[in-house]
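[1] Sharing a sequence plus its predicted fold:
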Amino acid sequence: MMRAELHSTDDSERLVDEVARAFLRRAPLRIRGGDSKSHLGRPVSGAEIDTRSHRGVVSYDPTELVITARAGTPLAELNAVLEAAGQMLPCEPPAFDGAATVGGAVATGLAGPRRPWAGSVRDFVLGCRVITGEAKHLRFGGEVMKNVAGYDMSRLLAGSYGCLGLITEVSLKVLPRPRAQRSLTLELDAGEALRELSAWRKAALPVSGACYLDGRLHVRLEGGTGSVAAAVDRIGGADLDMGFWEALREHRLAFFDDPRPLWRLSLPNSTPLAATAALSGAMLIDWAGAQRWLKSDAPAATIRDVAAAAGGHATCFTPLAGAEPFQPLAAPLLRFHQQLKQRLDPRGIFNPGRMYADL
Amino acid sequence: MSYHYDETIDGPLVTHDKAAVVAQLQARVPDLLILHEQEDLRPFECDGLAAYRTTPMLVALPERTDQVQALLRFACEERIPVVARGSGTGLSGGALPLEKGILLVMSRFNRILELDPEACTARVQPGVRNLAISQAAAPHGLYYAPDPSSQIACSIGGNVAENAGGIHCLKYGLTVNNILKLEILTIDGEHLTLGSEALDAPGFDLLALFTGSEGMLGIVVEVTVKLLTKPQSAKVLLASFDNVGKAGAAVAEIIGAGVIPGGLEMMDNLAIRAAEDFIHAGYPVDAEAILLCEVDGVESDVHEDCERVEALLRSAGATEVRLAKDEAERQRFWAGRKNAFPAVGRISPDYYCMDGTIPRRELPGVLKGIADLSAEYGLQVANVFHAGDGNMHPLILFDANAPGETERAEQIGARILELCVAVGGNITGEHGVGREKINQMCAQFNSDELTVFHAVKAAFDPDGLLNPGKNIPTLHRCAEFGSMHIHHGKLPFPELERF
C-alpha cells in the first residue's frame, strides 16, 4: 500500500470534541473546509468547525482503484497523488481557486464536464467516516466496489451539504487516465450542435466533454488511441486547448464574469433548446445539454418554472436576497427530509438551514 | 439461531384475525387480487433462498398504484407488516414472508411505460424483468447495463431493492449508478418522486438511500433507468492458471496497467469442472483457476486492450490464453460462468452461495482461509469470483438430508463472511442482507452504526412495518448473537488486523 509523503494529520479527535460540545449546548455548527463553495446554499449562522487540519491520504493502492483521504485533504493534493499513478477521479469536482477539500467536494457533490459519461461524485463514493449529530465517529461503506450491507449512508451524505453529519474521511473509486485525449472546437448553431452530439452518442464516439458557448461546440474525446483518432477524423473542426475544460469546471471562462446572477439548470439530456429559449440572459450549455449555466436577471420563479416544466430544476449560484438557492421540494418530500434530519441530527447542529430553511 | 422471525429479539408484531383482515382489505380495495387459501399461499413461501420458508398471512397482487396505496394505508392503520416481493429470485431471503404479514407481490406491474431512445431512458413498472428492458431497448442499439445472473427472471423493482450488480459492474456500475428516478410509496401511503429525469435532483440523495434498502423504507412503484449504447465490439479472453494466487495477481496486473475490462471473472478448479460438465464451454478442466476477461467498446480500442491483456496474462504465468474466436464461442465462455451456480447444483444435493467482498489484494489469503475452513468442516467449497470488483461467491456444497450438514454449511458460511470483514471487505456485495445475513450484520457494524440505520428507518417507517426482521438487526439480536458467538471460540481470525 502506498502512503503519500504529503502533509498528513489525524485531527479527528478535535472534530469529535467540538461536535460533542455543540451537541451538549445545542449550538449550531457551520462546517467548513476550504470555504470555496460558501456562496452555495443559504447562509448558516453557527460556530465554525474547520476540517482542514484533518488531512492526508490514508490509503491508496492503484490496483484496487480506491483512494481513501481525510476530509480536509486539498482536492488538488488528491488529484496530484492520483495523477502520479496514472489515475484520476473521473467526476472531476471543481477545486475553485485550489482551496476545495475532499470533504467539501463530496458534501456538495458538484461534478465537472465529464459527469454525463463518467458519473456523479456520489457514483464514486464507496465509503466514509462521519461524525454524527450525537458526536459518534462512525464508518459506513468501505473500500470495496460493491457493498449492500445496510443502508447506503455514504452516498446519502454525498451532496447533503453537511446537513446530516460531518464527513471526516472518504473512500473513492478511481479509474485509469485515458490513454488518448483530444479536444476540438467547431462552429455550429446550437440546435445543430445538440443533433450532432446525439448522432455521436449513437455512433459510440468517445466523448467525455461537450460544451456549447458563443456559437461554438467544444468537444473532448478520451479513450484508446484508435477510437480517439477515428473520432477526430469524423468530427473535424479545430484543435482546442485542453485547458478549456479546467477553465469551464472552475468557472474561469469569461462567461462567468458577467455581473448578472449565475443559475445552474439541471435538465433531462434531451431537453430541446426551445424549452429554455424564453429565459433572458446568456447561456452556456454543458454536459451535452443536461447542465445549462444561465447569467440572468430573470425572476427566480420564472427560471425555476422553466426548469421544472422541462423535468429539471434550477440552483442559484449567486447569493441573492429573497431567492432560495435550491429548487423548493414538494411538500411530502420536504417532510421526509425533515424527518431524516431530525433523526440523524436531533439537535439540529449541522449546517442548519444551509439547503432549506426548515432543515 | 433459527431463521424464523423471533418476536423476542426481532421486535413484537401485532396479531390479527386473518379472516377479519381479508374481509377488511377486500372491503377497502374491492378489485385487489388477494390470495389467502393455504394452497394458494404455498408458491410464495420462499424467494430464491429456498431453505427459508414461511407462509404469509395473505398475498396481495395489485396491478395499480392506487391499490398499493390503499393497501399500505390499511396496513399502516392496522399495524400489519408488509413484505414486498418482485420475482422472488433474491438469494438472501429479503422477500421471506411473515406469518403475521401481508406479502405484497409487485409482479403484475409488468409494463414498460415509455422508452425514449433520444434521452436513452426507459420508464418501467417495478415488475418488469431486467432482461426485458434490454430486449425492448435492443432495436435502438441500447441496453440496460446491470446484468445479475438471474436477469432472465428478476424484476427491476427487486434490483432496486437489492442494488443488484452483475458481471459488468466494475465498468458499468450497479443499479444505483444506472437509474435516474424512482416513484415510491411510503408506508403511510405518501407518494414520493426520488431523483429526476435530469442527472441530479434537489435535496438529499434519497434515490441512492432507497437503492439497496431491501424494501425497508418504501415500495417502488415505478423506475426510470438509464440506457447505454451497446458496445460495438466485445472480445473475451480465457486464461488458465496452475495456481489461484497467480490468477489473482494477473487481475491486479490488468487493472494496474490501466485496462478496465467489461467483465473479469475467476473460477477455481471445482467450479470449472462443474461448469464444464454442465455447459461444455470448453474450459480447461485441469486448470487450478481460470480468468475470463472481456474487453468491450469501440473496435479499435478493444483490439488495443485485447493485445495488452493477453501479454499481461502470459507474463503473469497463464499456462494458456485463448481468445474466443467468434461470437458463438464468446457466448459459450460466458454461459459456463453464468451457469456456475446451477452447475454446482448438479454435483451436490444442495449448495449455499455466499456473497462477501474483499479488497482484491486479499484474494490469495482469503482463498487459503476458505480452503482451511473447507477442510475443518468437511464440506467442499467451489469458488466463483467477480474478480474485477472483489465480489466472491463461494458455493458451499452440502446435503440437507445428511444429519448436521445444513448447520455445518451455515457455520462455514458465517465464518467465510467474518473472514471477509476481517480483511477489510464486507458480508454482501450484491445479494443483500435479507434474513440470511442478519446476524453477520452484527460483525460488520457496531451498535452505534446500527443505531444510525434504525434512525434512517424510523424517518420513513416509524412503526417498523415494512419488511421487519430483515437487513438491519435489532441491538437485542446482536447482543444474543454476540453471546452465542463467543461460545464457539474467541474472536474469529484473531491474527488479522481489524479494520
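    The structure has been received and is ready for your questions.

[2] nearest residue to the residue of the stretch 151-300 of chain A found nearest chain B other than its sequence neighbours?
    In the stretch 151-300 of chain A, the residue that lies nearest chain B is residue A:226 (2.6 Å; CB to the nearest CB). For every residue, glycine as well, the C-beta is placed using N, CA and C. Distances taken as CB to CB, 6 or more residues apart in numbering or on different chains put residue B:300 closest to residue A:226, at 2.6 Å, once the chain neighbours are dropped.

[3] distance of the one you found from residue B:60?
    Here the criterion is CB to CB, to the nearest Å. By it, residue B:300 lies 53 Å from residue B:60.

[4] what about those two, which has more around it?
    residue B:60 (23 against 18; other CB atoms under 10 Å in any protein chain shown).

[5] in a helix, that's where that one is, yeah?
    No. Assessed by DSSP: H, G, I helix; E, B strand; the rest coil, residue B:60 does not belong to a helix; its assignment is strand.

[6] distance of it from residue B:107?
    Per CB to CB, residue B:60 is found 11 Å from residue B:107.

[7] which residues in the stretch 101-250 of chain B form helices?
    Counting by DSSP state H, counting those that start in this stretch, the stretch 101-250 of chain B has helices at residues B:130-137, B:156-162, B:169-172, B:206-210, B:244-256.

[8] average model confidence for the very next helix or strand once past the last one?
    Moving toward the C-terminus from helix B:244-256, the next helix or strand (DSSP states H and E) is strand B:263-268. If you average the pLDDT over strand B:263-268, you get 95.

[9] what's the answer for stretch B:88-98, then?
    The model assigns stretch B:88-98 a mean pLDDT of 96.

[10] What is the end-to-end distance of it?
    Terminal residues of stretch B:88-98 lie 15 Å apart, using CA to CA, to the nearest Å.

[11] Next, the contact list for residue B:88, please.
    Counting by CB atoms under 8 Å, 6 or more residues apart in numbering or on different chains, residue B:88 makes contact with B:44, B:46, B:47, B:48, B:95.

[12] Redo those as JSON lines? Include secondary structure and distance to chain A.
    Shown next, in JSON lines, are these (DSSP: H, G, I helix; E, B strand; the rest coil; distance: CB to the nearest CB, whole Å):
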{"residue": "B:44", "secondary structure": "helix", "distance to chain A": "23"}
{"residue": "B:46", "secondary structure": "coil", "distance to chain A": "20"}
{"residue": "B:47", "secondary structure": "coil", "distance to chain A": "16"}
{"residue": "B:48", "secondary structure": "coil", "distance to chain A": "15"}
{"residue": "B:95", "secondary structure": "coil", "distance to chain A": "15"}
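
[13] Among those, which has the minimum pLDDT value?
    residue B:48 (93).

[14] Dihedrals phi and psi, that residue?
    The phi and psi values for residue B:48, taken as degrees, to the nearest 10, are phi -70, psi -10.

[15] What's the local residue count around it?
    Per other CB under 10 Å, the neighbour tally for residue B:48 reads 21.

[16] roughly how far out does the one helix or strand residue B:413 maps to sit from the chain middle?
    With elements taken from DSSP H and E, the one containing residue B:413 is helix B:405-422. Helix B:405-422 sits 18 Å away from the centroid of its parent chain (CA atoms, centre = their mean, to the nearest Å).

[17] Might one say that residue A:339 is in contact with residue B:456?
    No. In this structure, residue A:339 is not within contact of residue B:456 by CB atoms under 8 Å, at 9.9 Å.

[18] More neighbours: these two, which one.
    Between residue A:339 and residue B:456, residue B:456 has the larger neighbour count (other CB under 10 Å), namely 24 against 16.

[19] which other helices and strands contact the helix or strand where that one lies?
    Using DSSP H and E, residue B:456 sits within helix B:447-460. With contacts defined as 3 or more CB pairs under 8 Å, 6 or more residues apart in numbering or on different chains; DSSP states H and E, the packing partners of helix B:447-460 are strand A:137-141, helix A:153-157, helix A:331-344, helix B:475-487.
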